[in-house]
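Enquirer: Have a look; sequence and predicted model below, questions after that.
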Amino acid sequence: MRLTPLKVTVLGSGTSLGVPTLGCPCRVCASTDPHDKRLRPSLLLSRNGRNVVIDTTPDFRQQAMRAGVNRLDAILLTHGHADHVLGFDDIRPYNIHQREALAVYGNEDTFQIIRRIFSYVFDDKPTLSTVPSVRLNLIEGPFQLLGIPIIPVPLLHGDMNVLGFRFGRAAYLTDFSSISDSSMALLQDLDELILDALRDAPHPMHQTVEQALALIDKLKPRRAWFTHIAHDLPHAETNERLVKLGFPHVQLAYDGLQLEVRLDAADEAFSQHEEPPEARAPLETGAAPRFSTFTSSEAWASRFAKLGHTSVLAIGSFDGIHLGHQAVLRATAERARTLHAVPTVLTFDPSPRKVLRPETAPQQLSTVAQRLASFRELGLEAAVVLPFTLELSRLTPEEFVAQILVGHLHSKAVLVGEDFRFGHKQAGTVALLRTLGAKHGFEVVVLPPVSYRGEVISSTLIRKEVAEGNVSYAAKLLGRPFALTGRVVSGSGTGRRFTFPTLNLAPEQELLPRRSVYITRTFLDGEPRSHRSVTNIGMRPTFDGSALTVETHLLDVQLPAAPKRIEVQLWERLREEKKFIGPQELRAQIAQDISSAGKFFSRLRRFRSMRQPVASRGR
């Protein structure tokens, strides 16, 4: 079956000044040929009703309106120069209409510029007006959008690191002066190549027409199109010259040009591929989606209902936010988009069992802060965290629905799992919820459980695996590594004096894994990237310890001072904690643990590289 092709639209093909250029009387700026009217450089990728834009130029609003972009799903940024990012604020209408944050992809240099120019987007201060709501995703390799691979192509723009992008059998390389051999390898077998060709005269940061033609001669795409075109190059005349030079397959792009890019089996395989959780890199976020937390349903109503908004609601404890929970939450966000409602989660703190039957209440896998972060990442816009009290527990199912779901949260749809119970003495069942939904006019969606290897995923199952130290299996059920968070506290200094320096974590989670040594990755407070690490959870028997400790040694960095907080992700259990004869024997064992961890991450790196698309590894 033929894959749905990708539609590519050139939104802008001009330079940073645009064409015509202000105050310029030259013949191109004065031209009546519509192809000589060039907005700042940008590209639109469209497939199956979804759209991705490359760069938000100062002309973005005009470009999006002209192209009829009624929905936007993601933004790719090539670099942070003004002519590529100053339209960033104009994405706000998409946030409002789609009720979701927009994913933005770029490199760290670009994100630093974005955070500086648009600081009001990221400072999380209250505002009376709307601001863009985005989720920054750091590009470190191929990723997927529109159901196809997007392959970043590193380039140099003078001395600035910038990105081009390959998508299917097409590539877009704007604003660059040189390209490495490794990037050239990513650009073989292209049908369409859109690339920088500023003018004939040399420029320190851009390609000339001659340089662009030399590159095209090496890559041999089926067709090529010049972009980022200055007012030195008249459209019709330059195209005639290219034909005379022996390049009939090379033309100047123009605003509004549309291309259809075919996709092949490799693209389909990539779109269907899903890495296992243990091989999945953590999402780099520079800013969270706009997200609000409330401690009462009345507070939600005062924020949203007074503006006429309704909710699509997920209800549950959501401890751990495992794959089953994620299915409910993603479905909630998707249903809310369809109904133009606020995707909201209703949960409780403490858990009902801790109030009603504290002697049987399980230890919690996650903190409220971890759950809120997951809600936000999964596309929810609001969370109502109700303090669970005896008074709340006495509400009948009918009262709970009438007062909270209907009276305050104005629910248009409620999503729950098959085992959902609610109301006094848990008298409310899924069947009763459906009956009450029909009475009050809201839809009830019951999602089936999610299974892994024939086992239904549940918080109870994950607690068992974590308690036994099976953290790699728990990660498969969670969709990510189990993580401990908390403050870094002072230790006895024994590790620094006798073995290896460690960060001592005071964990906020109630449930800790079995006393053992684990391969981990550690996030330091305020840093977006994690560090390879080895973590011991135990009593430090070699030094006659009397209290349980969580000690983490970082493999690839020495810190001048300890951070205030850390997050430790547990990837693999190495061995049991044991008592050694003395510090020397323990030091030798820790050195062996560090070596084992290094080999683990090396194997993982090789595994990832083997599973990347062929185009990302060259030929």
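Expert: Received the coordinates, thanks.
Enquirer: where exactly do the helices run in the stretch 51-200 of the chain?
Expert: All helices of the stretch 51-200 of the chain, identified by DSSP state H, counting those that start in this stretch, fall at 60-67, 82-85, 92-98, 108-117, 119-122, 181-184.
Enquirer: nearest to Ser516, of these?
Expert: Ser516 lies closest to helix 108-117 among the helices of the stretch 51-200 of the chain, at 34.9 Å (Cβ to Cβ). Where you see a C-beta, it was placed from the backbone N, CA and C, and this is true even at glycine.
Enquirer: follow-up on the earlier one: which of the helices of the stretch 51-200 of the chain sits most buried?
Expert: helix 82-85 (a mean of 22; mean count of other Cβ atoms under 10 Å).
Enquirer: Tell me, how many residues neighbour the nearest residue to Ala474 once chain neighbours are set aside?
Expert: Spatial nearest neighbour of Ala474, chain neighbours left out: Glu465 (4.3 Å); criterion: Cβ to Cβ, 6 or more residues apart in numbering. Around Glu465 there are 19 other residues, counting by other Cβ atoms under 10 Å.
Enquirer: In three-state terms, label Glu465 for me.
Expert: With DSSP: H, G, I helix; E, B strand; the rest coil as the basis, Glu465 sits in helix.
Enquirer: For whichever strand or helix holds Trp300, the averaged confidence score.
Expert: Per DSSP states H and E, Trp300 falls inside helix 297-303. Mean per-residue pLDDT for helix 297-303: 89.
Enquirer: Restrict the helix or strand following it to CA atoms and write it as CSV.
Expert: Next helix or strand after helix 297-303 toward the C-terminus (DSSP H and E): strand 311-315. These are the backbone C-alpha positions of strand 311-315, laid out as CSV (Å, rounded to 0.1, in the frame of the first residue of the first chain):
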residue,chain,number,x,y,z
SER,A,311,-13.7,19.8,31.0
VAL,A,312,-12.8,16.4,29.7
LEU,A,313,-11.8,14.6,32.9
ALA,A,314,-9.6,11.7,33.8
ILE,A,315,-10.2,10.4,37.4
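Enquirer: And strand 311-315, what does it pack against?
Expert: Under the contact criterion of 3 or more Cβ pairs under 8 Å, 6 or more residues apart in numbering; DSSP states H and E, strand 311-315 touches helix 323-339, strand 342-349, strand 411-417.
Enquirer: so how far is the lengthiest strand in the chain from its chain's centroid?
Expert: Scanning the chain for the strand with the most residues, using DSSP state E, yields strand 565-576. Centroid displacement of strand 565-576 relative to its chain, using Cα atoms, centre = their mean, to the nearest Å, is 23 Å.
Enquirer: Ok, stretch 399-409 next?
Expert: With Cα atoms, centre = their mean as the basis, stretch 399-409 stands 33 Å off its chain's centre.
Enquirer: can you check stretch 322-332 too?
Expert: Centroid displacement of stretch 322-332 relative to its chain, using Cα atoms, centre = their mean, is 16 Å.
Enquirer: Stretch 246-262 now?
Expert: 32 Å.
Enquirer: One more: stretch 562-577?
Expert: 23 Å.
Enquirer: Which residues are in contact with the nearest residue to Glu577 once chain neighbours are set aside?
Expert: Once flanking residues are discounted, Glu577 sits nearest to Gly538: 3.7 Å by Cβ to Cβ, 6+ apart. The contact partners of Gly538, taken as Cβ atoms under 8 Å, 6 or more residues apart in numbering, are Arg515, Ser516, Gly545, Leu548, Thr549, Glu577.
Enquirer: now swap in Pro152 and tell me
Expert: Contact analysis of Pro152 by Cβ under 8 Å, 6+ apart lists Ile139, Gly141, Pro142, Leu163, Gly164, Phe165.
Enquirer: could you redo the last one with a cut-off of 6 Å?
Expert: Shown in contact with Pro152 (Cβ atoms under 6 Å, 6 or more residues apart in numbering): Ile139, Leu163.
Enquirer: Any figure for the gap between it and Ala170?
Expert: Separation of Pro152 from Ala170 (Cβ to Cβ, to the nearest Å): 14 Å.
Enquirer: got the residue ranges for the strands in the stretch 1-150 of the chain?
Expert: 6-12, 42-47, 50-54, 74-76, 102-106, 134-138, 143-145, 148-157 (DSSP state E, counting those that start in this stretch).
Enquirer: Out of the helices of the stretch 51-200 of the chain, flag the one nearest Ile590.
Expert: Ile590 lies closest to helix 108-117 among the helices of the stretch 51-200 of the chain, at 32.5 Å (Cβ to Cβ).
Enquirer: which residues of the protein score low on pLDDT?
Expert: For the chain, the stretches flagged by pLDDT under 70 are 1-3, 124-128, 264-290, 491-500, 540-546, 580-583, 605-619.
Enquirer: Pretty sure the residue nearest to Ala474 sits against Ala475.
Expert: No. Look at Glu465 against Ala475 with Cβ atoms under 6 Å: they stay out of range, at 9.3 Å.
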